[in-house]
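Undergrad: Below is the sequence, then the predicted model.
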Amino acid sequence: MNEFLLITGMVIVTFLIRYPVLAMSGRLQLAPWFLQLLRFVPPTVLTAIVVPAVLMPNDQLWLDFSNARLIGAIAAVGIGVWRKNLLLTIVIGMLVFFIWQWLL
Amino acid sequence: MELSQRQFSRKTAQSEFWAGCRAIIPLVVGAIPFGIIFGTLAASSGLSHAGAMAMSAFVFAGSSQFIALGLLSAGTALPLIILTTFVVNLRHLLYAVSLVPYVRDLPQVWKLPIGFWLTDEAFAVAIARYHQPDPSPYKHWFYLGAAFFMYANWQLCTWVGLTVGQWIPNAADWGLDFAMSVTFIGMIIPYLINHSMFAAVLVAGLVSLLAHGWPHQLGLIVAAIAGIATGALVEQIKKA
């Protein structure tokens, strides 16, 4: 296996996904309806990353109190909705997760 | 008094850069175990020390690097690994398109680091900054700070994994990865201001569970698109 070819290939395909749209951005006219759609990208993508990480940490649905990630996430959602403070959400969520894991 | 206050609140390129570094700290922490595990696994997967460093330095896309290791150790053919990399990293296209309205008027030279350093994490903190209403002309410096920190940390953790990884107790069990989950939770909440956003997030979450078994992060893209479509649909229905 040629490592150099492997890495060069991976670099090219990855860069060709990330860069061209940005490079052409000055000449791209995005329609208003399309810009409306883009508003949904951050919350949906982040949700699609978080939900399996919390509910399926071992690739199976884990919906009981022995799942410390689930308990930490519930705490984070609660604090986040209540206080609307990102740093506080992170700190409380991590604390609850670690304490719960330690108690188990 | 008023003058000094205005000076205090005025954003400079430098202050934006450091603010970006600070904002991404929890996500940097969350990435630490993954970087170390990547470095540790590289040797046993048949990737050389230099190859692993080069992959982190030039590909810089965590999930695809892990999947490449797995395919390497399974003896997968090179073109197939590259094709898989393409599919795994396809979600970055969603991020790039989302950034278009904010980077279009930047000098061309800026778009290179923005593209090369595009990750889930940098996108998440940068788009939150771009959505803030203050008219700072240096928000791209915020992106640069966040992305640079993420990149530097990934190189360091890969190197730690390569050199002393064997002696580090299983980094997957530390629970640091949960830092990413709580950070993203805190970032999702401010978006939930109307029915269409709620519906979009609900559907994205459900589909992400149903499609979790799908290979190569395809579940993530499909879940996001299903959520986006749902949100748009709810918006249309409410307008009608």
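TA: Perfect, I can see it now. Numbers count the residues shown, from 1 in each chain, chains lettered A, B, ... in the order given.

Undergrad: Let me know whether the helix ranked longest in chain A sits next to chain B.
TA: The longest helix of chain A (DSSP state H) is helix A:86-103. Yes: contact between helix A:86-103 and chain B, assessed by C-beta under 8 Å from any C-beta of the partner chain, occurs at A:86, A:89-90, A:93-94, A:97-98, A:101. In short, each C-beta sits where N, CA and C put it, glycine included.

Undergrad: ok, now stretch A:49-59?
TA: Yes: shown here: stretch A:49-59 in contact with chain B (C-beta under 8 Å from any C-beta) through A:49-56, A:59.

Undergrad: ok, for B:A19, nearest residue in space, not its chain neighbours?
TA: Spatially, and ignoring its direct neighbours in sequence, B:A19 is nearest to B:F142 (5.7 Å; C-beta to C-beta, 6 or more residues apart in numbering or on different chains).

Undergrad: Give me the distance between the one you found and B:F17.
TA: 7 Å (C-beta to C-beta, to the nearest Å).

Undergrad: Between the two, which has more neighbouring residues?
TA: Using other C-beta atoms under 10 Å in any protein chain shown as the criterion, B:F142 and B:F17 rank with B:F142 on top: 28 against 20.

Undergrad: in the strand or helix carrying that one, what counts as buried?
TA: Per DSSP states H and E: B:F142 is located in helix B:139-164. By neighbour count on 16 or more other C-beta atoms under 10 Å in any protein chain shown, the buried set for helix B:139-164 is B:139-151, B:153-154, B:156-162.

Undergrad: from memory B:I82 sits against A:M10, does it?
TA: Yes: here B:I82 reaches A:M10: they are 6.0 Å apart, a contact under C-beta atoms under 8 Å.

Undergrad: which residues of chain A fall in helices?
TA: Counting by DSSP H, the helices of chain A are A:3-18, A:20-23, A:32-38, A:41-55, A:68-83, A:86-103.

Undergrad: Find the helix or strand that the closest residue to A:M56 other than its chain neighbours is a member of.
TA: Leaving out its chain neighbours, the residue that sits closest to A:M56 by C-beta to C-beta, 6+ apart is B:H212, at 5.5 Å. Following DSSP H and E, there is no helix or strand that holds B:H212.

Undergrad: Which per-residue confidence value corresponds to B:H212?
TA: At B:H212 the predicted local confidence, pLDDT, stands at 89.

Undergrad: repeat for B:V87
TA: The model reports B:V87 with a pLDDT of 91.
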